[in-house]
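> Can you look at this prediction? I've put the sequence above it.
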Amino acid sequence: MELDKQRSELYGVMEVCLRAGRIMLQSGAETYRVEDTMTRIASSFGIAQSHSYVVPTGIIFTAEDGGPGITKLIRISQRSTDLQKVTLVNSVSRRISDGEIGLDEAVKLLAEIDEKSHTFPISIQAVAASLASGCFMIMFKGVWIDFLPALVAGALGFLVSTYLQEIIPIKFFAEFSGSLIIGIVSFLFVNAGLGVQLDKIIIGSVMPLVPGLLLTNAVRDLIAGHLIAGLSKGAEAALTAFAIGSGVAVVLMLV
């Protein structure tokens with residue numbers, strides 16, 4: 001009975017570690033941060049020997065309790081950017097390390113974090129993407145007459161990319177379509193005499209689609225020694241950049 005109780009507690013700790021790691025990885029955390037958080041949680045609950053292997057598409061976690069280790073694998077199929085969730089999981093991890101909360105409360109807190117969405121409504125995201133597009137266009141030495149075309153093109157490109165990714169879960173196709181819409185709208189504004197510099201409008205409008213967080217995490221993972229995760233994230237960022245460039249190139253070749 002005592003052995004069964006220890007095993008049950010071990011499985012509970014592993015579930016907490018894996019859930020915390022999954023939430024962080026799906027929300028845009030770096031690989032080394034996910035591994036460090038899982039190891040700290042396991043150590044705080046009395047598991048001195050634990051090993052984790054994290055890549056962008058999965059997590060492998062092993063815990064040892066003096067006998068044969070127990071290994072679990074979870075698959076990560078969807079990833080987004082929600083740094084608020086990363087911060088909340090880090091907060092739970094610190095409270096566990098300080099001994100403020102136990103296993104049951106940690107499970108409850110992580111479940112609440114996992115269920116909630118901290119992202120802004122799509123309308124606010126579109127407005128932010130629109131303003132960012134106009135501001136980037138000015139930053140790249142554009143003229144103020146192109147500010148309105150950049151606002152419209154940036155918002156439409158972001159909306160098309162976001163909605164297509166929900167309908168067809170192929171990131172390349174969604175980003176290609178978004179940049180294609182940006183190129184078409186920008187050309188129509190310039191052709192109608194409402195815009196001047198086609199290149200500046202397009203450059204500013206595609207900036208909300210650029211995978212900035214992905215590139216940053218790829219570099220940080222490479223520096224931390226997580227070569228496979230860093231290279232895979234770098235490849236994903238390169239594929240995104242290729243999709244954006246391809247959509248714009250199609251428009252420029254046709255006009």
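Received, thanks. Computed from a prediction, not measured in an experiment: that's the story for all the values here.
> For the rest of this, base every contact and every neighbour count on C-alpha atoms.
Will do.
> The protein - how does it break down into domains?
Following automatic domain parsing, one finds the domains of the chain at 2-115, 122-254.
> mean pLDDT lowest for which of those domains?
Among these, domain 2-115 has the lowest mean pLDDT, at a mean of 86.
> just how off-centre is whichever strand or helix holds Pro149 within its chain?
Pro149 is located in helix 147-167, with elements delineated by DSSP states H and E. Distance of helix 147-167 from its chain centroid, counting by CA atoms, centre = their mean, to the nearest Å, is 19 Å.
> Tell me the buried residues in it?
The neighbour-count check on helix 147-167 (16 or more other CA atoms under 10 Å) flags 147-162, 164-165 as buried.
> and the closest residue to Asn90 other than its chain neighbours, what does it touch?
Spatial nearest neighbour of Asn90, chain neighbours left out: Thr37 (7.3 Å); criterion: CA to CA, 6 or more residues apart in numbering. Thr37 makes contact with Cys17, Ala20, Gly21, Asn90, Ser93, according to CA atoms under 8 Å, 6 or more residues apart in numbering.
> coming back round to it: comparing the domains of the chain, which comes out most buried?
Of the domains of the chain, the one with the most neighbours on average (mean count of other CA atoms under 10 Å) is domain 122-254, at a mean of 20.
> measure that one end to end?
31 Å (CA to CA, to the nearest Å).
> circling back: can you tell me which of the contacts of Thr37 are in helices?
Using DSSP state H, Cys17, Ala20, Gly21, Asn90, Ser93 are the members of these that sit in helices.
> hmm, which two among those residues are most spread apart?
Greatest spatial distance among these (CA to CA): Cys17 and Asn90, at 11.8 Å.
> close enough to count as contact, Ile23 and Glu115?
No. Under the contact definition of CA atoms under 8 Å, Ile23 does not touch Glu115, with a separation of 10.0 Å.
> All the strands of the chain, residue numbers only.
Assignment of strands within the chain using DSSP state E yields the ranges 49-55, 58-64, 70-75.
> hmm, back to that, could the contacts of Thr37 go into a markdown table alongside distance to His51?
Formatted as a markdown table, the contacts of Thr37 follow (distance: CA to CA, whole Å):
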| residue | distance to His51 |
| --- | --- |
| Cys17 | 11 |
| Ala20 | 15 |
| Gly21 | 13 |
| Asn90 | 19 |
| Ser93 | 17 |
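> what comes into contact with stretch 183-203?
For stretch 183-203, the surrounding residues in contact (CA under 8 Å, 6+ apart) are 136-137, 140-143, 145-147, 149-150, 152-153, 182, 247-248, 251-252.
> Fine, thanks again, bye for now.
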